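*Asks:* need a 3D model of the following:
(one chain, ligands or ions: 1)
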Amino acid sequence: MAISNPRVTLTYIKWALLVLALFAHTCNGFYLPGSYMHTYSKAQEIITKVNSLTSIETELPFSYYSLPYCKPPEGIKKSAENLGELLMGDEIENSAYRFKMNVNETLYLCTTHPLTEHDVKLLKQRTRDLYQVNMILDNLPAMRYAYQNGVKIQWTGFPVGYTSPNSKDDYIINHLKFRVLIHEYEGSGVQIIGTGEEGPGVISEAEKKKASGFEIVGFEVYPCSVKYDPDTMKKKSMYQSIPAVNCPSELEKFQIIREQEKVSFTYEVEFVKSDIRWPSRWDAYLKMEGARVHWFSILNSLMVIFFLAGIVFVIFLRTVRRDLTRYEELDKESQAQMNEELSGWKLVVGDVFREPDSSKLLCVMVGDGVQITGMAVVTIIFAAFGFMSPASRGMLLTGMIILYLFLGIIAGYVAVRMWRTIKGTSEGWRSVSWFVACFFPGIVFLILTVLNFILWGSNSTGALPISLFFVLLSLWFCISVPLTLLGGFLGTRAEAIQYPVRTNQIPREIPARKYPSWLLVLGAGTLPFGTLFIELFFILSSIWLGRFYYVFGFLLIVLLLLVIVCAEVSVVLTYMHLCVEDWRWWWKAFFASGSVSLYVFLYSINYLVFDLQSLSGPVSAILYLGYSLIMATAIMLSTGTIGFLMSFYFVHYLFSSVKID
Ligand SMILES: *[C@@H]1O[C@H](CO)[C@@H](O)[C@H](O)[C@H]1NC(C)=O
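*Replies:* Here you go, the predicted structure:
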């Protein structure tokens, strides 16, 4: 009945199309994004776009047109967006600022109606919260340079307004001076023409001219505030030329934000020829001083790794040596010594593969951990090879989500195979698969929903539109869940891993410890954290302070090191526990490396308190903590899984390589 209703059917079709569009978008994104070189001919119109207003103080994005800015004559249109952009609260729209390629000009835009009390309040608040306008031209964000104590610093975007240091007045930025760097090109068109027998030398001048054009290789903005006489300005029409504007330096000549005040907006643009080539136009945005810091972080991790690798090596040496040199051949003294060394773990042979507590949860968490780890590794490899440049806003996040959805098949497989190994039967695999499909996404959705209610309350564009929420839900249930179930089914077909030793009927008593073993497990997490924390600082700054993160090559190395450290830490800890006859190693192996997430979460709280001091208001703080919690959970599942799987392999190896007499 519901389907026969045409409106409902239409909605279904709309949804299907939306999901399809999202996919088409993603596929597009895997071409080098931002690499569609656009060539403009002289005087060709170029339209700028605006993204949401952002502030590093509040982290709540707002729509550009929530402020009384000039609207484009053809109306406001949203730019095509991808899932990641939507999730990040981006809202890209066309703007009224437009240029003609290689034509320097100064133009009048519009004059607002007299500002109302509401406008004034909003403008003042956005100014005081240090909101900034983010403009985009040909996919490049507007860059602003300024000198502070003689040091050149760069930002992207420009502020909404200024606050005077000594009075209560605020001033709106209403004049923008754009500098567009262009590269004149006589390029690829010629190559095609010149592939004939005549060789490239024979191209006529006319042909050369035809192929020439301009590429945009830089976009800078110099904002200022100018008091105009609104009555003379109002007589002008939009995009009418006006004489050059001199930016004043005295506050009296600034445009104040006050009730009944009419604000005129103007802009000027100059095109400057540049030697920057199109492929390297992003370099200016990515200039970073800290390569040495990243190397230091890697060196740091390497030291941890070698230290742990040494311990692992010694452990293996012992077991292997015992296998090779016959026990009887050793002299009495070494025999006794070795006996003592080996006695611990040898004694738990009948218990080491005993089913752990909450074995189902362990299987589910390992399944999800494999999924997250796979997603992270593939995304970072893609990013490291430049497939996701900062030019493609939101691409990284979109790619991650799509990957996550499809890796469900592996998650289901791993979880069910482990379940079979532990239980000896594949009974109950359906419920394991369902839990795998719902455990981590469920946590994320729960947190996102709570955050969204908070954001809706504050009218930020950062809130996910309800429609997007349903798209995410349908992606989850239409792709991830079926694939996880399929993976689980394949898991039931796969052979269960055979334990090398038999488990006794009666569990062995675990001798009392001097200190609780959980302390050791928590302490172990500091080692992987040591390899991670420097890189973490850069990642957090890129997320929360809007800095560009581009050192994905470094991140890839750090990730590999992290995997090694997690594996080593868990193996060493498992061995230590087995040696003191504690055979409950399953969860300890998981949390030995998984506990790194606790430190990550504490670190992000520390970052909130000390580096994001400016973050104002409880909404922003809750938002931040919510996202940090998601991140920490993902890290726990991922690192825990790595540690657990490696420990499982190790225990299996340990007990199968040594014949217990
Ligand atoms: C525009 O202005 C810039 C900087 O003043 C100058 O270098 C450039 O030649 C001008 N372009 C045109 C087409 O006049």
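*Asks:* separation between Ser301 and Cys566?
*Replies:* Remark: distance between Ser301 and Cys566 (C-beta to C-beta, to the nearest Å) = 11 Å. C-beta here means a position set from N, CA and C on the backbone, and glycine is covered the same way.
*Asks:* between those two, which one's more packed in?
*Replies:* Higher neighbour count among Ser301 and Cys566: Cys566, with 31 against 24, using other C-beta atoms under 10 Å.
*Asks:* and Leu608, what is it in contact with?
*Replies:* Leu608 sits next to Leu615, Ala621, Tyr624, Leu625, Ser628 when contact means C-beta atoms under 8 Å, 6 or more residues apart in numbering.
*Asks:* from those residues, which ones fall inside helices?
*Replies:* Secondary structure assignment by DSSP state H places Ala621, Tyr624, Leu625, Ser628 of the contacts of Leu608 in helices.
*Asks:* any idea how far the third one lies from Glu59?
*Replies:* Between Leu625 and Glu59 the distance is 11 Å, computed by C-beta to C-beta.
*Asks:* how about the second one?
*Replies:* Tyr624 sits 7 Å away from Glu59, taking C-beta to C-beta as the criterion.
*Asks:* correct me, but Ile622 touches Leu451?
*Replies:* Yes. Ile622 sits in contact with Leu451 when judged by C-beta atoms under 8 Å, with a separation of 7.1 Å.
*Asks:* higher neighbour count, those two?
*Replies:* Of the pair Ile622 and Leu451, Leu451 is the one with more neighbours under other C-beta under 10 Å, namely 22 against 14.
*Asks:* got the contact list for the more buried one?
*Replies:* Shown here is Leu451, whose contacts under the criterion C-beta under 8 Å, 6+ apart are Ile622, Leu623, Gly626, Tyr627.
*Asks:* list the contacts of the third one.
*Replies:* With contacts defined as C-beta under 8 Å, 6+ apart, Gly626 is in contact with Ile447, Leu448, Val450, Leu451.
*Asks:* who wins for neighbours among these?
*Replies:* Neighbour counts for the contacts of Gly626 were taken using other C-beta under 10 Å; the highest belongs to Leu451, with 22 neighbours.
*Asks:* on that earlier part again, more neighbours: which of Leu625 and Glu59?
*Replies:* Here Leu625 and Glu59 are set side by side on neighbour count (other C-beta under 10 Å), and the busier one is Glu59, at 24 against 16.
*Asks:* could you report the neighbour count for Pro149?
*Replies:* For residue 149 the amino acid is Asn, not Pro. By the criterion of other C-beta under 10 Å, Asn149 has 5 neighbours.
*Asks:* sorry, that was for Gly530
*Replies:* The tally of other residues near Gly530 (other C-beta under 10 Å) stands at 17.
*Asks:* and what of Leu519?
*Replies:* For Leu519, using other C-beta under 10 Å, the count is 10.
*Asks:* what pLDDT, on average, does the helix or strand encompassing it get?
*Replies:* Using DSSP states H and E, Leu519 falls within helix 517-524. Along helix 517-524, the predicted local confidence has a mean pLDDT of 85.
*Asks:* can I get it as CSV, trimmed to CA atoms?
*Replies:* Listed next in CSV are the C-alpha coordinates belonging to helix 517-524 (Å, rounded to 0.1, in the frame of the first residue of the first chain):
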residue,chain,number,x,y,z
SER,A,517,48.1,-7.8,36.2
TRP,A,518,45.8,-5.1,34.9
LEU,A,519,48.4,-2.6,36.1
LEU,A,520,50.9,-4.2,33.8
VAL,A,521,48.4,-4.2,30.9
LEU,A,522,47.7,-0.5,31.4
GLY,A,523,51.4,0.3,31.6
ALA,A,524,52.1,-1.6,28.4
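*Asks:* which strand or helix spans Pro511?
*Replies:* Pro511 is part of no helix or strand when elements are defined by DSSP H and E.
*Asks:* ok, now Trp456?
*Replies:* helix 429-457.
*Asks:* ok, then the element right after that helix?
*Replies:* Along the chain past helix 429-457, the next helix or strand (assigned with DSSP H and E) turns out to be helix 466-475.
*Asks:* what residues of that next one count as buried?
*Replies:* Of the residues in helix 466-475, those scored as buried under the neighbour-count criterion (16 or more other C-beta atoms under 10 Å) are Leu468, Val471, Leu472, Leu475.
*Asks:* okay, the helix or strand just after the helix holding Leu519 in CSV with CA atoms only?
*Replies:* Toward the C-terminus, helix 517-524 is succeeded by helix 526-544 as the next helix or strand (DSSP H and E). Output in CSV follows, covering the C-alpha atoms of helix 526-544 (Å, rounded to 0.1, in the frame of the first residue of the first chain):
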residue,chain,number,x,y,z
THR,A,526,52.4,3.6,27.1
LEU,A,527,54.9,2.0,24.6
PRO,A,528,52.7,2.2,21.5
PHE,A,529,51.6,5.6,22.7
GLY,A,530,55.2,6.7,22.7
THR,A,531,55.4,5.9,19.0
LEU,A,532,52.2,7.8,18.2
PHE,A,533,51.9,10.9,20.2
ILE,A,534,54.0,13.3,18.1
GLU,A,535,52.1,12.5,15.0
LEU,A,536,48.9,12.7,17.0
PHE,A,537,49.6,16.3,17.8
PHE,A,538,49.7,17.1,14.1
ILE,A,539,46.6,15.2,13.3
LEU,A,540,44.7,16.9,16.1
SER,A,541,45.9,20.3,14.9
SER,A,542,44.8,19.5,11.4
ILE,A,543,41.3,18.5,12.6
TRP,A,544,40.7,21.2,15.1
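*Asks:* for helix 526-544, the distance to its chain's centre please.
*Replies:* Counting by C-alpha atoms, centre = their mean, to the nearest Å, helix 526-544 is centred 13 Å from the centre of its parent chain.
*Asks:* ok, now stretch 591-607?
*Replies:* 18 Å.
*Asks:* and the contacts of it?
*Replies:* Contacts to stretch 591-607, defined as C-beta under 8 Å, 6+ apart, come from residues 520-522, 524-526, 528-529, 532-533, 536-537, 540, 544, 565-567, 569-570, 573-574, 624-625, 628-629, 631-633, 635-637, 639-644, 647.
*Asks:* go with 6 Å
*Replies:* Under the contact criterion C-beta atoms under 6 Å, 6 or more residues apart in numbering, stretch 591-607 has outside partners 521-522, 524-525, 528-529, 540, 566, 569-570, 573, 628, 632, 635-636, 639-640, 643.
*Asks:* out of these, which are buried?
*Replies:* Those of those that meet the buried threshold are 521, 524-525, 528-529, 540, 566, 569-570, 573, 628, 632, 635-636, 639-640, 643, by 16+ other C-beta under 10 Å.
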